[in-house]
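> model this:
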Amino acid sequence: MRYFAMVAAGATLWGCWPFFLRPAGLSGTQNALLALLVMALPTPFLLRRESLKDRRATLALVIMGVTDAINVALYFAAVKHGPVAIAVLTHYLAPLIVALTVPWVMREPRSVRALIGTPLTLGGLALLIWRPGEELSGWTALLGAASALFFAAAVFGAKSAARAWSPLAVTSVHSAISVLTLLLLFGPSALPPLQPPTLWVVVGGVFSGLLGNILFNTGLRRIPTTAASALTYLEPLTASVLGWVFFQEALGPWAVVGGALVLIVGVWVAAEPRRPVDSPLPSISGTP
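From the prediction side, this is the model:
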């Protein structure tokens with residue numbers, strides 16, 4: 001169960017991002033670029049010939065870097081364009097996409113609990129973040145759903161890259177590729193200004209970014225992709241709780257019910273009896 005706990009802890013740390021991003025006052029793309037840049041700093045020390053020889057794993061790492069950058073760009077565009085609730089709900093279609101496609105993409109057994117639990121969790125998430133009177137936006141939903149596709153692709157990429165790359169390398173090397181992708185997509189507008197509040201994002205890059213992703217990718221190596229994907233719902237749950245504690249954002253009775261549903265279903269999916277999806281991956285020389 002410790003690998004499930006690592007994935008859960010990583011997703012929880014992702015949910016702490018608002019604590020670091022809000023004080024900085026940067027645009028979504030600037031936040032993403034700076035956080036990914038911090039996560040990419042160890043990259044020069046992690047490029048090993050043995051890992052590069054596995055072309056399939058290396059290609060998966062490159063795909064992960066590109067798809068994660070596009071995922072971030074689309075998600076922040078959805079948040080900026082329309083209601084946050086619509087953006088978050090459609091973005092978190094990713095676990096359902098993973099559950100439906102994992103037998104073909106990763107050759108893993110289909111998880112019945114994930115197929116049942118993902119729509120239930122989406123319902124709980126809707127109760128958690130929906131605000132009465134919030135308008136619907138088809139364009140926001142389209143952007144959010146598109147980001148979910150790339151989010152799912154990034155999860156698959158991380159799983160495949162782990163066969164030859166350490167969790168730290170998967171985190172850092174893919175972040176370097178994502179930084180280059182964001183610069184190609186957005187150019188100078190992605191560069192954050194040099195000002196003191198920017199340091200908050202740097203701290204977040206270490207805490208929620210580097211540490212959170214190392215924990216997630218370490219656990220992802222040893223548990224089914226569908227279970228790890230289901231546990232990512234802890235991210236918006238954590239963000240909602242932090243918003244209530246630190247930013248005076250209201251959490252009504254239905255939001256509490258929704259949060260409880262997210263937790264209960266997540267534990268239920270993670271506890272599904274299943275046969276091992278692979279033999280334990282060999283440890284990589286020089287990795288933690």
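
> Could you list the low-confidence segments of the chain?
Counting by pLDDT under 70, the chain has low-confidence residues at 82, 132-137, 274-288.

> repeat that for 80
Applying pLDDT under 80 to the chain flags residues 22, 76, 79-87, 89, 129-138, 247-251, 270, 274-288.

> Which other helices and strands does the lengthiest helix in it contact?
Counting by DSSP state H, the longest helix found in the chain is helix 55-81. Based on contacts counted as 3 or more C-beta pairs under 8 Å, 6 or more residues apart in numbering; DSSP states H and E, the elements that helix 55-81 packs against are helix 28-40, helix 49-53, helix 84-91, helix 138-161, helix 167-186. C-beta: built from backbone N, CA, C; applies to glycine.

> Buried residues of the fourth one, list them for me.
Spelled out, it's helix 138-161. For helix 138-161, the neighbour count (16 or more other C-beta atoms under 10 Å) marks 140-161 as buried.

> For residue 241, find the nearest of the helices and strands packed on helix 55-81.
Across the helices and strands packed on helix 55-81, the minimum distance to residue 241, taken as C-beta to C-beta, is reached by helix 84-91, at 14.3 Å.

> right, and the helix or strand after the closest one?
helix 94-105 (DSSP states H and E).

> Show me what the strand or helix carrying residue 227 is packed against.
For residue 227, the host element (DSSP H and E) is helix 225-231. If contacts are counted by 3+ C-beta pairs under 8 Å, 6+ apart, helix 225-231 sits against helix 2-14, helix 94-105, helix 112-129, helix 138-161, helix 212-220, helix 253-270.

> Could you export the ones you listed to CSV, including columns for distance to residue 53?
Output for the helices and strands packed on helix 225-231, formatted as CSV (distance: least, C-beta to C-beta, whole Å):
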stretch, distance to residue 53
helix 2-14, 26
helix 94-105, 23
helix 112-129, 34
helix 138-161, 13
helix 212-220, 20
helix 253-270, 34
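
> The residue nearest to residue 223 when sequence neighbours are not counted: what's it in contact with?
Closest residue to residue 223 apart from its sequence neighbours, by C-beta to C-beta, 6 or more residues apart in numbering: residue 3 at 4.9 Å. Counting by C-beta atoms under 8 Å, 6 or more residues apart in numbering, residue 3 touches 218-219, 221-223.

> Return the set of buried residues in the longest helix of the chain.
57-58, 60-61, 63-79, 81.

> With stretch 3-15 instead?
Under 16+ other C-beta under 10 Å, the buried positions of stretch 3-15 are 3-4, 6-15.

> Pipe those residues into TSV and attach distance to residue 269 per row.
Output for the buried residues of stretch 3-15, formatted as TSV (distance: C-beta to C-beta, whole Å):
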residue	distance to residue 269
3	14
4	10
6	16
7	12
8	11
9	17
10	16
11	13
12	16
13	20
14	18
15	18
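
> Now compare those and name the two farthest from each other.
3 and 15 (19.3 Å).

> got the CA positions of stretch 8-20 in CSV?
These are the backbone C-alpha positions of stretch 8-20, laid out as CSV (Å, rounded to 0.1, in the frame of the first residue of the first chain):
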residue,chain,number,x,y,z
ALA,A,8,-2.0,10.0,-3.0
ALA,A,9,0.7,12.1,-1.4
GLY,A,10,1.9,13.4,-4.7
ALA,A,11,-1.6,14.3,-5.8
THR,A,12,-2.2,16.0,-2.5
LEU,A,13,0.9,18.1,-2.9
TRP,A,14,-0.3,19.1,-6.4
GLY,A,15,-3.4,20.4,-4.7
CYS,A,16,-1.3,22.8,-2.7
TRP,A,17,-0.4,24.8,-5.8
PRO,A,18,-2.9,27.7,-5.1
PHE,A,19,-1.1,28.4,-1.8
PHE,A,20,2.0,29.3,-3.9
